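# need a structure here:
(one chain, ligands or ions: 2)
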Amino acid sequence: MSTHIGAKPGEIADRVLMPGDPLRAKWIAENYLEDAKCYSTVRNMFGFTGTYQGTRVSVQGSGMGMPSASIYAHELINEYGVKTLIRVGSCGALAESLNLRDVVAAIGSSTDSNMNRMRFDGLIDYAPVADFGLLRKAVEVAEQRGVTMRVGPILAADAFYTDRPDLYDTLADYGVLAVEMESAALYTIAARYQARALTILTVSDHIKRGEATTAQEREQTFSQMVEIALDTVVAA
Ligand SMILES: O=P(O)(O)O[C@H]1O[C@H](CO)[C@@H](O)[C@H]1O
Ligand SMILES: O=c1cc[nH]c(=O)[nH]1
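Residues are numbered from 1 along each chain as shown. Ligands and ions are numbered 1, 2, ... in the order given. Predicted coordinates:
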């Protein structure tokens, strides 16, 4: 058992899907994994291991925000030997061209978090990026499935409710597609400990248009993203 994950050694697969929402983890395990077994209920941040197309896969909730997601990514990699992590999250669209339920893969993640400034003594603006092999595979899988998946940079924000919507407009001018709250930390921790990471998102909100999906939809209906992530993680 690690501090925040109640699994015994060997109970977590070396490839993991990471939704922020622990109930999305449960939904994925119940709907996509065979012989899924819950290995952790610590803090109700559920984790499950089962098989997908014959390959062992785990699904671990990571909570909201980079401090929480960092704990799970760190423990999965360093205490359970996880090598491949694909975040499956929701996001707010910044790009006008995106619509609710569109799927986005994050090639890189800008952030307003202070975590990496602390890591690099404020001297380097580190650029957290996706693993190229995972991203390439996800693009292939999306094409095979006939899903239009936008690939581009995103923002990992500390705050869900921002006081600076003007900055979102500026980021959109620079090609940033969407905002979520974990990817920069996930990419950084994976790089630091020689693991591979990718973030795939579904647009749950459109920031400019004020459109939003429901909590139930965020938990249970983002199947295209989950299927792309599962096909990618087993091929990795
Ligand atoms: O749907 P999840 O994976 O939790 O991701 C997004 O949703 C949460 C905010 O509602 C944040 O965690 C954000 O990154
Ligand atoms: O971080 C997030 C996630 C979903 N929707 C948003 O607007 N922001």
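# Might you name the residue of the protein sitting closest to ligand 2?
Gly92 (2.4 Å; CB to the nearest ligand atom). Heads up, the C-betas are built off the backbone N, CA and C, glycines and all.
# Tell me the bridge partners for that residue.
Counting by DSSP bridges, Gly92 is bridged to Val179, Asp205.
# Please identify the residues of the chain in proximity to ligand 2?
Residues of the chain found near ligand 2 (CB under 6 Å from any ligand atom) are Ser90, Cys91, Gly92, Phe160, Val179, Glu180, Met181, Ser204, Asp205, Ile207.
# Find the pair from those with maximum spatial separation.
Between all members of these, the longest pairwise span (CB to CB) is found for Met181 and Ile207 and amounts to 13.5 Å.
# neighbour count winner among the two?
Between Met181 and Ile207, Met181 has the larger neighbour count (other CB atoms under 10 Å), namely 26 against 21.
# Show me where the chain has its helices.
22-32, 66-80, 115-119, 132-145, 165-173, 183-192, 215-220, 223-235 (DSSP state H).
# Which per-residue confidence value corresponds to the residue nearest the centre of the chain?
Closest to where the C-alpha atoms of the chain average out (CA atoms, centre = their mean) is Arg87, at 2.1 Å. Listed pLDDT for Arg87 reads 98.
# Let me know whether it touches Ala190 as I believe.
No - with contact defined as CB atoms under 8 Å, Arg87 does not reach Ala190; the gap is 10.1 Å.
# Tell me how many other residues crowd whichever residue of the chain sits closest to ligand 1.
Closest residue of the chain to ligand 1, CB to the nearest ligand atom: Gly20 (2.1 Å). A count of nearby residues for Gly20, using other CB under 10 Å, gives 23.
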